[in-house]
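> Structure for this input, please:
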Amino acid sequence: MLRRTDCRSRGVVAVLAGVLLALVAGGCGASKFTRINETASDFHKQVLQADQPVLVEFFKGGCPTCGLLDPTLDQLFDEYNGRMKFVSFEMMRAYFAVSCPEVQKKQRIAYYPTVVLYVKGEEKKRWIIEYGIEKYRDVLKEVVGEPAVAEKAEAEKPEAKKPDAPGLGMEMFLE
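Take a look at the predicted model:
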């Protein structure tokens, strides 16, 4: 028979194992995004002076909730790559060491993950702890247009195939 304390201790062990795995794996941050050095000059060059729109992920290293956003951001990268720039910026390291206080203060980053869309150096849209891909797509469609992947998928979509022989579907059960 399990006691309540056994369940709690197992939950704590599972959380600690997840955090340890994130730290060993090198932290978080969308895997397909360009990681830039955590300096104000690199941020200014790579983001604020960019010729095309830039989607920046500000994250905390080793943060499990930041890691939950990675699949969404990687999907956006696949859909919009070449039409905009994608940058990952480790704003805070594990144990609350801020990597670049100047950028954190100027960009008003207080929660992780925070994703910001910059157009011509100006903030266009900010998402704080947002995991739903459709909210990102709605704004990106306005700024960049339809995703390239969606256009290809519609063009390559096969015609719906009708069954060759009658009576092989559910109608045989309806008689």
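> Could you list the low-pLDDT ranges of this structure?
1-30, 149-175 (pLDDT under 70).
> contacts for the biggest strand by length in the chain?
Criterion DSSP state E: the longest strand present in the chain is strand 85-93. Applying CB atoms under 8 Å, 6 or more residues apart in numbering, the contact partners of strand 85-93 are 27, 29-30, 32-36, 38, 43, 46-47, 50, 52-62, 73, 76-77, 80, 98-100, 103-104, 109, 112, 114. Yep, even glycine has a C-beta here, placed from its N, CA and C like the rest.
> go on, stretch 118-130?
47-50, 53-56, 65, 69, 107, 111-117, 135-136, 139, 143.
> Quick check: ChimeraX command selecting the buried ones in those.
Buried subset of the contacts of stretch 118-130, written as a ChimeraX selection, criterion 16 or more other CB atoms under 10 Å:
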select :47,48,50,53,54,55,56,69,107,112,113,114,115,116,117,136,143
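> In helices only, show me the contacts of stretch 118-130.
65, 107, 135-136, 139, 143 (DSSP state H).
> distance of the nearest residue to Arg35 once chain neighbours are set aside from Asp74?
Nearest in space to Arg35, with sequence neighbours left out and distances taken as CB to CB, 6 or more residues apart in numbering, is Ser88 at 4.9 Å. Going from Ser88 to Asp74 by CB to CB, to the nearest Å gives 11 Å.
> all helices for the protein, in order.
4-24, 40-43, 64-67, 70-80, 101-107, 133-143, 148-155.
> Any idea how many residues pack against Glu79?
For Glu79, the neighbour count with other CB atoms under 10 Å is 21.
> Setting aside sequence neighbours, what's the nearest residue to it?
Glu79's closest residue in space is Pro147 (CB to CB, 6+ apart), at 3.4 Å.
> Output the longest strand of the chain as CSV, restricted to C-alpha atoms.
Included here for strand 85-93 are C-alpha records, laid out as CSV according to Å, rounded to 0.1, in the frame of the first residue of the first chain:
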residue,chain,number,x,y,z
LYS,A,85,15.2,35.6,-38.9
PHE,A,86,14.9,33.4,-35.8
VAL,A,87,17.1,34.1,-32.8
SER,A,88,17.4,32.5,-29.4
PHE,A,89,18.8,34.6,-26.5
GLU,A,90,19.6,33.0,-23.1
MET,A,91,18.6,35.9,-20.9
MET,A,92,19.0,34.1,-17.6
ARG,A,93,21.2,31.2,-16.7
